[in-house]
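# here is a sequence with its predicted model. Questions after.
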Amino acid sequence: MTVTVINPATEETIATLESAGVDETDAAVARAKAAFPAWRAVSPADRGRLLRRLATLVEEHHEELSRIECDNVGKPISGARGEVGMVADVFHFYAGAVDKRHGETIPVAGGIDMTFREPLGVVGLIVPWNFPLNISSWKLGPALATGNTIVLKPAELTPLSAMRLAELALEAGIPEGVLNVVVGKGSIVGQRLVEHPDVAKIGFTGSTEVGRSVMEGAAATIKRVTLELGGKSANVVFADADLEKAAAAAPYAVFDNAGQDCCARSRILVERAAYDRFTELLIQATRSLKVGDPKRDETEMGPLISQSHRETVASFVETTPLFQGDTPEGKGYWFPCTLVEATNDDKVAREEVFGPVAALIPFDDEADAIRIANDTPYGLSGSIWTTDGARALRVARALDTGVLSINSNSSVRVSTPFGGFKQSGFGRELGMHALDGYTEVKNVYYSTEG
Ligand code: NAD
């Protein structure tokens, strides 16, 4: 069986790879298991040194990796460059973080009680196609830093950057067997990792549907699981907000990466008093978004990942859009920026579109905004736009979501925790929090009685 890798902007085949099956997956797990005792024995500072070397190699190969992501995902080169920059920063962060997460000593009667953070063992990392290298690094950084060995399964549509990263890891001096990449189908390779008795944990990012099956599959061996799943986040705009600024930012919050972003603020909630003015400004800002060849520096939005995904995205546009942009002629899985008016009960407001379609929903007051924003099974990200600081914090505390920004679209930073509430998953990536997901706490009591 083979995996055909396609450039979604040109529909050209850019690679044909052997697709791994259960045997190859088992072999990768066996290699990771064999490498574990020596890797966990490397001192944290030395693991940090190797990660720092990997970060430097990513910097040295910055343009090459950015072009791989641009060609394979169809993402604009400027965005790809930013993402690869973050990958290097993530490895630098965990290189420095690894010896700063300490155990404790706890006062108890008759002796000394201490805690240690132990690595889990072989960890299966399963990642999606929308941010292939970025999301891999969010998991690899803390997992490698804490002494685990890895089997990384990229999405079959976008395996190229992970394969290149594994080569760079070897070049950095990370020992053979510590980081293994297996390219193949989720239903075969992914599922085998989930079921494999020698895999201690699955770090999964992907859809809520597959996340559910990962959680079920992991139950048989009581595997640890971290799930970073889908979202249906709200961009809440109050009438007292700087409407120009909010409207200029809103398209990037939902059309970035062609809407294929778990953090997409695809429900734009606007206070009724400002609805007409904001809508006018939003259409203006959306119209000026540069859609086209991802290789051009000025491009802001590229195509969708595949033809079948384009069909799924199109099925969400059930009414005449308020606004729909242009797309390039010819080859490529293009889909225009689309704004629709909706209620929170409509399909477009309830389900993750994962494409450039935003639903505009009016609200009456603060309580109504909170009610609508929380009326979703998801809880990943969101934004609040207001000039009233007390209101901003009140609403931020009331929203059931893991990652919020006030007067900004920003969701992700290397040093701050990222993850979801409700059916957007559990566990946190990035920052010091991610280290907890790749270690077990061991408690040791030492009697000092004679
Ligand atoms: P997906 O769930 O289809 O696939 C994700 C990964 O799981 C892929 O590598 C796939 O091969 C693998 N997989 C598929 N079936 C499997 C199975 N039965 N067992 C184990 N692994 C299996 O998701 P996708 O289409 O690649 O990505 C889009 C989804 O990812 C969206 O829902 C998006 O919101 C979500 N996502 C979430 C985050 C986050 O951090 N919360 C970030 C990016 C994407």
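Perfect, thanks for sending it. Bear in mind the structure is a predicted one, so any value in this text is a computation, not a measurement. Numbering: from 1, shown residues only.
# now do the contacts for residue 405.
By C-beta atoms under 8 Å, 6 or more residues apart in numbering, the contact list for residue 405 reads 381-384, 411. Where C-beta positions appear, they are placed from N, C-alpha and C, glycine not excepted.
# hang on, I meant residue 245
Per C-beta under 8 Å, 6+ apart, neighbours of residue 245: 385, 407.
# going forward, the N-terminal residue is numbered 215.
OK, 215 is where the count begins now, so the last one is residue 459.
# let's verify it: helix, strand, or coil?
helix (DSSP: H, G, I helix; E, B strand; the rest coil).
# try residue 415
Classification of residue 415 using three-state DSSP returns strand.
# mind listing which of the contacts of residue 619 are in helices?
In helices, defined here by DSSP state H, there are no members of the contacts of residue 619.
# residue closest to the middle of this protein?
The C-alpha lying nearest the average C-alpha coordinate of the chain belongs to residue 349 (C-alpha atoms, centre = their mean; 5.0 Å).
# can I get stretch 380-391 as PDB, trimmed to CA atoms?
Only the C-alpha atoms of stretch 380-391 are listed here, as PDB (Å, rounded to 0.1, in the frame of the first residue of the first chain):
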ATOM      1  CA  ALA A 380      13.200  12.900  12.500                       C
ATOM      2  CA  GLU A 381      16.300  13.200  10.300                       C
ATOM      3  CA  LEU A 382      17.300  16.400  11.900                       C
ATOM      4  CA  ALA A 383      16.800  14.800  15.400                       C
ATOM      5  CA  LEU A 384      19.400  12.100  14.500                       C
ATOM      6  CA  GLU A 385      21.700  14.800  13.200                       C
ATOM      7  CA  ALA A 386      21.300  16.700  16.500                       C
ATOM      8  CA  GLY A 387      22.600  13.500  18.300                       C
ATOM      9  CA  ILE A 388      19.300  12.300  19.700                       C
ATOM     10  CA  PRO A 389      20.000   8.500  19.700                       C
ATOM     11  CA  GLU A 390      18.600   6.100  17.200                       C
ATOM     12  CA  GLY A 391      15.200   4.600  18.300                       C
END
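# buried residues, that stretch. List them.
Residues of stretch 380-391 classed as buried by neighbour count (16 or more other C-beta atoms under 10 Å): 380, 382-383, 386, 388, 391.
# again, but for stretch 363-383
By neighbour count on 16+ other C-beta under 10 Å, the buried set for stretch 363-383 is 363-376, 378-380, 382-383.
# what's the first-to-last distance across it?
Using C-alpha to C-alpha, to the nearest Å, one end of stretch 363-383 lies 13 Å from the other.
# mean confidence score for it?
Stretch 363-383 carries an average pLDDT of 98.
# hang on, the earlier thing: quick check: the farthest pair among the contacts of residue 619?
With C-beta to C-beta as the measure, no two of these lie farther apart than 598 and 625, at 13.1 Å.
# interface residues of the stretch 315-464 of the chain facing the ligand?
Residues of the stretch 315-464 of the chain lying close to the ligand (C-beta under 6 Å from any ligand atom) are 340-345, 349, 367, 369-370, 400-401, 404-405, 408, 419-421, 424, 427-428, 442-445.
# buried subset of the residues you listed as a PyMOL selection?
Remark: buried members of these, expressed as a PyMOL selection using 16+ other C-beta under 10 Å:
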select buried, resi 340+341+342+343+344+345+349+367+369+370+400+404+405+408+419+420+421+424+427+428+442+443+444+445
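# one step back: can you list the contacts of residue 619 in CSV and add neighbour count?
Listed next are those as CSV, based on neighbours: other C-beta atoms under 10 Å:
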residue, neighbour count
595, 30
596, 30
597, 26
598, 26
625, 23
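# so who does the residue nearest to the centre of the chain touch?
Per C-beta under 8 Å, 6+ apart, neighbours of residue 349: 341-342, 419, 442.
# at 10 Å what do you get?
Residue 349 makes contact with 297, 301, 339-343, 368-369, 376, 417, 419-420, 442, 476, 643 under the criterion C-beta atoms under 10 Å, 6 or more residues apart in numbering.
# now the helix or strand hosting it: buried residues?
If you go by DSSP states H and E, residue 349 is part of helix 346-359. Neighbour counts using 16+ other C-beta under 10 Å place 346-359 of helix 346-359 among the buried residues.
# what parts of the stretch 465-614 of the chain come near the ligand?
476, 566, 568, 594.
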